[in-house]
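Q: Okay, sequence plus prediction incoming.
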Amino acid sequence: MKLNWGTGITIAIVAFMCFILYLVISISSVSTDLYAEDYYQQEIEYQNRIDQKKNSNPYQDQWKVKATAQEVSLEMPAAITSGDIQGKVQFYRADDASMDRLFDLKLNNQRQTFDRTAFSSGRYTVKVEWTHQEVPYFLEKDIYIP
């Protein structure tokens, strides 16, 4: 069977249309969670975040987040744990907003533990934001919880 150029173009157009239809269906089935509900407000206040990170530079390599089968632990340096500290610990999961977790920062002997059952396996970004002697700080680190 011999195909002429008109039949070849028609087959190519139909194949292209099927490909585009497949892309539309597959892309529309992917969940599209926002980074944050108040994204624009956070962008306006981003200079504050830059200042918090600058204040946290001396502590950047001194804090640890570890995940085991029983718990997830946060260890802060001794200089941070002295005095009155108020803050939050956020476990941000980029692929599913329903898996994000937010806790109050409550250190006990430079350490805070979280129950492992509160988390699903996967990659999280741990964001620690606190105030000590009215100076704001912010640290973040990526971890994998098995």
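A: Nice, thanks for sending it over.

Q: Can you list the residue ranges for helices in the protein?
A: For the chain, the helices defined by DSSP state H occupy 5-28, 39-44, 46-56, 78-81.

Q: Mean pLDDT lowest where, among the ones you listed?
A: For the helices of the chain, mean pLDDT drops lowest on helix 78-81, to a mean of 74.

Q: ok, and the closest non-adjacent residue to the spatially most central residue of the chain?
A: In the chain, the C-alpha closest to the average C-alpha coordinate belongs to Y92, at a distance of 3.4 Å (CA atoms, centre = their mean). What sits nearest to Y92 in space, not counting adjacent residues and going by CB to CB, 6 or more residues apart in numbering, is T125, at 4.4 Å. C-beta here means a position set from N, CA and C on the backbone, and glycine is covered the same way.

Q: just so I know, which of the helices of the chain lies nearest E129?
A: Closest approach to E129 among the helices of the chain (CB to CB): helix 46-56, 6.9 Å.

Q: Would you convert the helices of the chain into TSV that also reports mean neighbour count and distance to N109?
A: Output for the helices of the chain, formatted as TSV (neighbours: other CB atoms under 10 Å; distance: least, CB to CB, whole Å):
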stretch	mean neighbour count	distance to N109
helix 5-28	10	49
helix 39-44	10	33
helix 46-56	13	21
helix 78-81	15	8
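
Q: do you know which of the ones you listed lies nearest T113?
A: That would be helix 78-81 among the helices of the chain, by CB to CB, at 14.4 Å.

Q: Export only the CA atoms of the closest one, formatted as CSV.
A: Taking C-alpha atoms only, helix 78-81 is exported to CSV below (Å, rounded to 0.1, in the frame of the first residue of the first chain):
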residue,chain,number,x,y,z
ALA,A,78,23.9,25.8,73.3
ALA,A,79,24.0,29.5,72.5
ILE,A,80,20.5,29.4,71.1
THR,A,81,18.9,27.5,73.9
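
Q: Can you list the neighbours in contact with that helix?
A: Defining contact as CB atoms under 8 Å, 6 or more residues apart in numbering, one finds that helix 78-81 is touched by P58, Y59, W63, L107, N109, Q110, W130, H132, Y137.
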